[in-house]
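Novice: the sequence isn't on hand, but the structure is:
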């Protein structure tokens, strides 16, 4: 069986603290569209666009989700777990793990908020990668 | 006037009942519950640790304070379960909370009182004028060896306090009492702590709680009767109640801050979470006495006076009672998985 592996390098993890820890994206001041992860150039306005860094509220709704029963390497003890597409209040859709919620209670359209969690360990002696996950608002 | 300008608690959602643990080890659940006065304890999710708990509590403290995180000039996190042996929990927490990078920061360890020690240091820094605001956090995902008495109480949770000017609760004064007492320890590389049972009660918990509390009362020139709420460290339900009886504190003054029966002993987060539960209900002018205890051993005692600002800030974040009542029970099997006791 081919094992799916989800890993990012330590330098890449370090470079992405802002979006991973604080949900920092950007917004084009010309067309008003928000982006996550942040874009270098507005896809609508091109070089005429003006991108400004923004911090998303961490609130959104479940746009779609799937239950993972054959885990990525490192996620075996969390199986089954839920990966959702979250539509942020500000517009962009992002992919993230939905936790602390019974699978039967997860439905499309439910409101969610971000929580700070461990995403994975490199190994017992390796770096711990932290980031944002999502919980259904009770 | 200096004191608490923002506070917040966080307790993981998962709970395991004392009876569930007792059943696994062939013990009488009623005897254990009666002995410890703990019905259930909080358990961190598989993706939670001291850092994630500290971030959630810190976010609640920031929400209540209304201050810009960039105005925080110091962050100290007290815990006996920092995820790294070498690499501060505080740097991750500061980054996640968007705290100023011109920052004095260190992790602290003193068994269950590292959180209150952090509060004292931040208070001193603010008092000296070195920083405008500082954040102190006590958080733990404490460990209990399977089958050991500590397994019934070792729980997870934390509380964060932002200390500065114009507080919601003035920290009038503090007092500490410290001795070298071999009641509880964990050696480098060991997964679980050991405890010298003969020392646990009288020469440890009671001696330090009583001496620190008496020292504080003497320092501020008050009788304990003048306090509206009293919070002591809560390793189990029995010890704090016995200490309250020693000081003749009536139930109505200590029950609001006594949370151990429903969440267990959150170690560095224990008495700080009790304090947040009291701050959630206290009124202007109320006096609160807080005494922590950390094995090894020492106690920090605080005299706190509530100001009118408390009512303005406390609804800006989830209250401690919300986190206590928000719960999902798990079996001992799931507990062993969450606490990484399963070796795969």
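Specialist: Everything's here; your move. Remember, it's a predicted structure, so these values are computed and weren't measured experimentally. Numbering: from 1, shown residues only, chains lettered A, B, ... in the order given.

Novice: residue contacts, residue B:160?
Specialist: For residue B:160, the contacting residues are B:6-9, B:54, B:57-58, B:60-61, B:135-137, B:139, by Cβ atoms under 8 Å, 6 or more residues apart in numbering or on different chains. For every residue, glycine as well, the C-beta is placed using N, CA and C.

Novice: now these in JSON lines, with secondary structure and distance to chain A?
Specialist: Shown next, in JSON lines, are the contacts of residue B:160 (DSSP: H, G, I helix; E, B strand; the rest coil; distance: Cβ to the nearest Cβ, whole Å):
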{"residue": "B:6", "secondary structure": "strand", "distance to chain A": "18"}
{"residue": "B:7", "secondary structure": "strand", "distance to chain A": "18"}
{"residue": "B:8", "secondary structure": "strand", "distance to chain A": "13"}
{"residue": "B:9", "secondary structure": "strand", "distance to chain A": "15"}
{"residue": "B:54", "secondary structure": "helix", "distance to chain A": "9"}
{"residue": "B:57", "secondary structure": "helix", "distance to chain A": "11"}
{"residue": "B:58", "secondary structure": "helix", "distance to chain A": "9"}
{"residue": "B:60", "secondary structure": "helix", "distance to chain A": "12"}
{"residue": "B:61", "secondary structure": "helix", "distance to chain A": "14"}
{"residue": "B:135", "secondary structure": "strand", "distance to chain A": "15"}
{"residue": "B:136", "secondary structure": "strand", "distance to chain A": "19"}
{"residue": "B:137", "secondary structure": "strand", "distance to chain A": "13"}
{"residue": "B:139", "secondary structure": "strand", "distance to chain A": "12"}
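
Novice: show me what from chain A comes close to chain B.
Specialist: Proximity of chain A to chain B is confined to A:17, A:21-22, A:55, A:76-78, A:99-100, A:102, A:115-119, A:128, A:130, A:133, A:138 under the rule Cβ under 8 Å from any Cβ of the partner chain.

Novice: what about the residue most central in space within chain A, which SS state?
Specialist: Ranked by distance to the mean C-alpha position of chain A (Cα atoms, centre = their mean), the top residue is residue A:96 at 3.9 Å. When classified by DSSP: H, G, I helix; E, B strand; the rest coil, residue A:96 comes out as strand.

Novice: out of the contacts of residue B:160, which end up buried?
Specialist: If you count burial by 16 or more other Cβ atoms under 10 Å in any protein chain shown, the buried members of the contacts of residue B:160 come out as B:6-9, B:54, B:57-58, B:60-61, B:135-137, B:139.

Novice: next, the contact list for the residue of chain A positioned farthest from its centre, please.
Specialist: The outermost residue of chain A relative to its centre, with distances by Cα atoms, centre = their mean, is residue A:48 at 28.5 Å. Neighbouring residues of residue A:48 by Cβ under 8 Å, 6+ apart: residue A:30.

Novice: helix or strand: which one has it?
Specialist: Assigned by DSSP states H and E, residue A:48 falls within no helix or strand.

Novice: so it versus residue B:179, what's the distance?
Specialist: Using Cβ to Cβ, to the nearest Å, one obtains 71 Å as the distance from residue A:48 to residue B:179.

Novice: could you do residue B:39 as well?
Specialist: Distance from residue B:39 to residue B:179, by Cβ to Cβ: 32 Å.

Novice: who has more neighbours out of the two?
Specialist: Between residue B:39 and residue B:179, counting by other Cβ atoms under 10 Å in any protein chain shown, residue B:39 is the more crowded of the two (16 against 13).

Novice: OK, contacts around the more buried one?
Specialist: Counting by Cβ under 8 Å, 6+ apart, residue B:39 has contacts B:17-18, B:33, B:261-262.

Novice: by pLDDT, rank those and give me the bottom one.
Specialist: The lowest pLDDT within these belongs to residue B:33, with 94.

Novice: count of residues packed around that residue?
Specialist: 19.

Novice: and it, that one's in a strand?
Specialist: No: under three-state DSSP, residue B:33 sits outside any strand and is assigned helix.

Novice: buried sites along the helix or strand hosting residue B:161?
Specialist: Following DSSP H and E, one finds residue B:161 within strand B:156-165. For strand B:156-165, a neighbour-count test (16+ other Cβ under 10 Å) marks B:156-164 as buried.

Novice: just the strands from the stretch 101-250 of chain B, written as ranges.
Specialist: Counting by DSSP state E, counting those that start in this stretch, one finds strands in the stretch 101-250 of chain B at the ranges B:104-108, B:133-141, B:156-165, B:169-178, B:184-185, B:194-195, B:229-232.

Novice: avg pLDDT for the third one?
Specialist: When you say that, I think you mean strand B:156-165. 98.

Novice: that one: partners in the sheet, and parallel or antiparallel?
Specialist: Sheet pairing of strand B:156-165 (DSSP bridges) gives strand B:2-10 (antiparallel), strand B:133-141 (antiparallel).
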